[in-house]
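Have a look at this fold, sequence not included:
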């Protein structure tokens with residue numbers, strides 16, 4: 001045990017999305033006395049809206065993101081052995097408008113099943129068939145919370161106006177878009193994503209593509225539903241679903257799988273991805289002598305890098 005670590009003195013993790021929850025779990029399971037402060041229950045965070053396919057998206061720096069992603073992949077592969085419990089499963093699907101030689105050796109070496117998609121699997125053009133972790137966030141986030149509590153962690157619902165309010169010698173900042181005001185860090189910006197959730201008409205593979213209009217098109221089969229996306233509107237703050245955008249999402253997805261056009265809509269979702277020029281994962285000493293560890297700015301890849309970032313953050317906290 002290192003002198004003055006979070007295990008000896010206790011840690012407050014601020015932020016209850018997947019990055020905050022995962023970081024709190026790692027800290028608690030390494031012996032720290034952890035309190036997780038979250039403004040909203042996990043089911044109402046931005047993470048709950050995520051499509052939640054493991055794949056780096058809108059995240060820098062690339063080299064670090066790949067390392068964090070590969071470590072997270074290892075964990076998700078283990079969790080996928082109990083999909084009904086953890087909400088994680090390995091699912092097959094197509095990365096559209098992509099060739100195998102474009103994926104990169106960093107991923108190809110860990111994903112031996114990568115191959116070119118057949119015309120039957122992806123009629124829209126060239127694509128890569130892959131088997132990747134796909135998370136059911138309404139199941140995974142509560143599971144993470146239970147795992148944290150089982151490790152001795154405490155979850156507290158509270159709103160803070162500044163990180164100085166965290167009454168612990170070690171504070172881990174996992175506030176995502178909230179860091180814009182709490183740090184403050186004006187380089188954190190929202191990238192709005194809208195989803196449409198429909199009844200699944202029998203689709204059991206996922207697809208990520210680009211629609212004819214140049215916008216993203218993807219669908220992810222989840223228990224009892226099919227999640228359709230999506231959008232990436234920079235500096236857009238509205239959490240209200242746009243009916244015209246929803247119609248366009250369905251149209252793009254139906255161009256890939258016609259049966260989607262007639263699927264009954266169950267709900268609309270909107271989330272704000274916390275994008276930053278680069279992820280901020282570093283430690284600093286505050287003026288009052290406390291250790292502050294930052295772990296935010298993961299863009300659309302919070303799910304993809306959560307475990308790798310959490311373990312690095314725990315190391316920075318002295319654990």
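Arrived safely. Note that the structure is predicted; figures quoted are calculated from it, not measured.

any low-confidence regions in this structure?
1-9 (pLDDT under 70).

for it, which helix is longest?
Criterion DSSP state H: the longest helix present in the chain is helix 62-79.

and for that one, what are the contacting residues?
54-56, 59, 86, 88, 90, 104, 106-107, 110, 133, 135, 279, 281, 301, 303-309, 311-312 (Cβ atoms under 8 Å, 6 or more residues apart in numbering). (C-beta placed from N, C-alpha, C; glycine too.)

Type out the ChimeraX command that picks the buried ones from the residues you listed.
What follows is the ChimeraX syntax selecting those of the contacts of helix 62-79 that are buried according to 16 or more other Cβ atoms under 10 Å:
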select :54,55,56,59,86,88,90,106,107,133,135,279,281,301,303,304,305,306,307,308,309,311,312
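
From the contacts of helix 62-79, which land in helices?
86, 106, 107, 303, 304, 305, 306, 307, 308, 309, 311, 312.

Adding distance to residue 117, write these out as TSV.
TSV is the format used below for the ones in helices among the contacts of helix 62-79 (distance: Cβ to Cβ, whole Å):
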residue	distance to residue 117
86	28
106	20
107	16
303	23
304	21
305	26
306	28
307	28
308	28
309	31
311	33
312	34
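
which among these gets closest to residue 80?
The closest of the ones in helices among the contacts of helix 62-79 to residue 80 turns out to be residue 86 (Cβ to Cβ; 7.5 Å).

where's the nearest residue in space to that closest one that is not next to it in sequence relative to residue 206, distance?
Among residues not flanking residue 86 along the chain, residue 79 sits closest, at 4.1 Å (Cβ to Cβ, 6 or more residues apart in numbering). Remark: distance between residue 79 and residue 206 (Cβ to Cβ, to the nearest Å) = 18 Å.

Strands along this structure, start to end?
Taking DSSP state E, the strands of the chain run over residues 11-14, 34-38, 88-96, 115-116, 127-135, 154-157, 170-173, 189-198, 206-210, 216-222, 225-229, 233-234, 265-285, 291-298.

which of those is buried the deepest?
Across the strands of the chain, averaging neighbours per residue (mean count of other Cβ atoms under 10 Å) puts strand 11-14 on top, at a mean of 30.

Adjacent strands (with direction) for that strand?
Sheet pairing of strand 11-14 (DSSP bridges) gives strand 34-38 (parallel), strand 170-173 (parallel).

could these be laid out in JSON lines, adding distance to residue 191?
Listed next are the strands paired with strand 11-14 as JSON lines, based on distance: least, Cβ to Cβ, whole Å:
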{"stretch": "strand 34-38", "distance to residue 191": "22"}
{"stretch": "strand 170-173", "distance to residue 191": "20"}
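
Nearest approach to residue 151 belongs to which of these?
Residue 151 lies closest, by Cβ to Cβ, to one member of these: strand 34-38, at 7.7 Å.

ok, residues contacting that closest one?
6, 10-16, 20-21, 24, 27-28, 45, 148, 151-158, 160, 166, 168.

right, and residue 273 touches residue 189 too?
No. Under the contact definition of Cβ atoms under 8 Å, residue 273 does not touch residue 189, with a separation of 9.1 Å.

Can you pull out the residues in contact with stretch 137-148?
The contact list for stretch 137-148, computed with Cβ under 8 Å, 6+ apart, reads 18, 21-22, 24-25, 28, 34, 36, 42-43, 45, 47-50, 52, 85-88, 155, 223, 303.

could you dump the strands of the chain to TSV with distance to residue 66?
Below are those laid out as TSV (distance: least, Cβ to Cβ, whole Å):
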stretch	distance to residue 66
strand 11-14	25
strand 34-38	28
strand 88-96	16
strand 115-116	21
strand 127-135	14
strand 154-157	31
strand 170-173	23
strand 189-198	20
strand 206-210	18
strand 216-222	21
strand 225-229	23
strand 233-234	24
strand 265-285	12
strand 291-298	13
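
distance between the ends of stretch 205-220?
7 Å (Cα to Cα, to the nearest Å).

contacting residues around that stretch?
With Cβ under 8 Å, 6+ apart as the test, stretch 205-220 has contacts from 51-53, 55, 91-97, 121-122, 124, 127, 134, 203, 221, 226-232, 248-249, 251-253, 255-257, 260.

How about the contacts made by residue 261?
Contact partners of residue 261, counting by Cβ under 8 Å, 6+ apart, are 250, 251, 254.

switch the cut-off to 6 Å
By Cβ atoms under 6 Å, 6 or more residues apart in numbering, the contact list for residue 261 reads residue 254.

where's it relative to residue 179, distance?
As judged by Cβ to Cβ, residue 261 and residue 179 stand 40 Å apart.

Over to residue 229?
Counting by Cβ to Cβ - residue 229 and residue 179 are separated by 25 Å.

Please apply the same query to residue 161.
Between residue 161 and residue 179 the computed distance is 13 Å (Cβ to Cβ).

So for these two, which sits in the more crowded spot?
Shown here are residue 161 and residue 179; by other Cβ atoms under 10 Å, residue 179 has more neighbours (25 against 8).

Right, I'll leave it there.
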